[in-house]
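Chemist: Predicted model, plus sequence, below.
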Amino acid sequence: MKRLITLAIMALAIISCKPTKIMLPNVSGKAGEVIVVIDRNNWEGNLGAGVRDILGSDCPYLAQKEPLFNVANVTPSGFADLFKVHRNILIFNINAQNQSEGVVYRSNVWARPQCLIQVNAFDSEGALRLLNENSERICNSFEQAERDRIISNAKTYEAVDLFKTVSEAFGGSPHFSTGYKLKKNTGDFIWIADERQYTIQGVLIYKYPASENENFSQENIIAHRNAILKENVPGMFENTWMTTSTYIEPTVTFVKYRGRQFAQTRGFWEVQNDFMGGPFVSHSFYGPEAKDIIVVEAFVYAPRFDKRQYLRQVESLLYSFEWTQTATTSATAE
């Protein structure tokens, strides 16, 4: 009996020595919202104006003006537990006694999945300088956090059959959440959409043979886009089809994202001989054997609503693209 009691005490001691895993609550707040922790004087001064200019700048390629993020100010004294679980937080720690100046990026401090950025400065002028110097990375960090939440949700509630269908045709696929349905599949062209009463969030996946040069020039990307969409995406009426609007010229930027490289094109789509239209964004990249150009494209039609969040949701799916094991092995062997 004494031996059993001794063993029980030892077991309890071992268990008590194990570190306790802290369970963080889920984040709060609306998608696309950032809490800015800063005192009232700085919020109403040059530093606050700088924050609003950067985080509240116009979201690109939307028909109406919409801010990149919605920002809300909370003073340090009012930064209680209610705000600490917010999804996106930007904190300004301005104190002459700080050991150093700089910008610190942290995840899941008080909630999960949370993005927290802290600007440490000796004074307001230094904080504004750090904000401007790091503006692109700060915006990208919040954007990536929003994107990761959408991708995580898509994988949790995934329409697995769509990943399989696209992968069989292209060697890889984005991850689609439930609600997205297959509309068309020709082998070289797949159309998937989440269609509601007043909104459409669509994804187009297609490919065409790679050429010897200028595969990712704006002219080449748009020319192939227009030709393929004319053949595969008809409008509601006879002699109508989706094409690229020439009202504002599309732009192409080159992106490296988690081991993948692609040309990102942003612009407006419209329906030829009709009045429908909206924003689109596409990723163009080489197929596994570099013989084809694969394009995954997201577009939105939401004439009654602001479009920032609709586009952010469907655009995030493009970033979830993954090659299958077979495609990866083939590319490596090549």
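Modeler: Nice, thanks for sending it over.
Chemist: so residue 64 touches residue 304, yeah?
Modeler: No: the pair residue 64 / residue 304 is not scored as a contact, 11.6 Å apart, by C-beta atoms under 8 Å. In this view, the C-beta of every residue, glycine as well, is placed from N, C-alpha and C.
Chemist: Which one of these two is surrounded by more residues?
Modeler: More crowded of residue 64 and residue 304, by other C-beta atoms under 10 Å: residue 64, with 10 against 7.
Chemist: OK, contacts around that one?
Modeler: 306, 307 (C-beta atoms under 8 Å, 6 or more residues apart in numbering).
Chemist: center of this structure - which residue?
Modeler: Nearest residue to the geometric centre of the chain (C-alpha atoms, centre = their mean): residue 147, 3.0 Å.
Chemist: now residue 306, what's its secondary structure?
Modeler: Secondary structure state of residue 306, per DSSP: H, G, I helix; E, B strand; the rest coil, is coil.
Chemist: Okay, domains of the chain per the record?
Modeler: 33-152, 158-333 (automatic domain parsing).
Chemist: Now residue 98: closest residue in space, sequence neighbours ignored.
Modeler: residue 120 (5.3 Å; C-beta to C-beta, 6 or more residues apart in numbering).
Chemist: can I assume the one you found is in contact with residue 93?
Modeler: Yes: in this structure residue 120 lies within contact range of residue 93 using C-beta under 8 Å: 4.8 Å.
Chemist: returning to that earlier point: what's the least confident stretch among the domains of the chain?
Modeler: The weakest mean pLDDT among the domains of the chain belongs to domain 158-333, with a mean of 94.
Chemist: so who does the residue lying closest to residue 109 once chain neighbours are set aside touch?
Modeler: Sequence neighbours aside, residue 116 is the residue nearest to residue 109 in space, at 5.0 Å (criterion: C-beta to C-beta, 6+ apart). With contact set as C-beta under 8 Å, 6+ apart, residue 116 has these partners: 89, 91, 105, 106, 107, 109, 110.
Chemist: Pull the residues that contact the longest helix anywhere in the chain.
Modeler: With secondary structure taken from DSSP state H, the chain has its longest helix at helix 135-156. Helix 135-156 has contacts (C-beta under 8 Å, 6+ apart) with 31-32, 34, 54-55, 68-69, 87-88, 90, 103, 105, 107, 113-115, 117, 131, 175-177, 312-313, 315-317, 319-320.
Chemist: make it 6 Å
Modeler: 54, 88, 105, 113, 115, 117, 175, 177, 313, 316, 319, 320 (C-beta atoms under 6 Å, 6 or more residues apart in numbering).
Chemist: picking up where we left off before, how close does the residue nearest to the centre of the chain get to residue 272?
Modeler: 32 Å (C-beta to C-beta, to the nearest Å).
Chemist: Residue 179 now?
Modeler: 28 Å.
Chemist: more crowded one of these two?
Modeler: More crowded of residue 179 and residue 272, by other C-beta under 10 Å: residue 272, with 16 against 13.
Chemist: Determine the set of other helices and strands touching the longest strand along the chain.
Modeler: Longest strand of the chain, by residue count under DSSP state E: strand 260-272. Here strand 260-272 touches strand 241-244, strand 251-257, strand 277-286, going by 3 or more C-beta pairs under 6 Å, 6 or more residues apart in numbering; DSSP states H and E.
Chemist: Contacts only, for residue 170.
Modeler: With C-beta under 6 Å, 6+ apart, residue 170 has these contacts: residue 294.
Chemist: Let me see the ranges of the helices in the protein.
Modeler: 2-17, 40-43, 46-55, 81-84, 124-133, 135-156, 160-170, 218-232, 308-319, 325-333.
Chemist: so can I have JSON lines of these showing distance to residue 187?
Modeler: As requested, the helices of the chain are arranged in JSON lines below (distance: least, C-beta to C-beta, whole Å):
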{"stretch": "helix 2-17", "distance to residue 187": "58"}
{"stretch": "helix 40-43", "distance to residue 187": "56"}
{"stretch": "helix 46-55", "distance to residue 187": "43"}
{"stretch": "helix 81-84", "distance to residue 187": "51"}
{"stretch": "helix 124-133", "distance to residue 187": "49"}
{"stretch": "helix 135-156", "distance to residue 187": "24"}
{"stretch": "helix 160-170", "distance to residue 187": "6"}
{"stretch": "helix 218-232", "distance to residue 187": "11"}
{"stretch": "helix 308-319", "distance to residue 187": "21"}
{"stretch": "helix 325-333", "distance to residue 187": "16"}
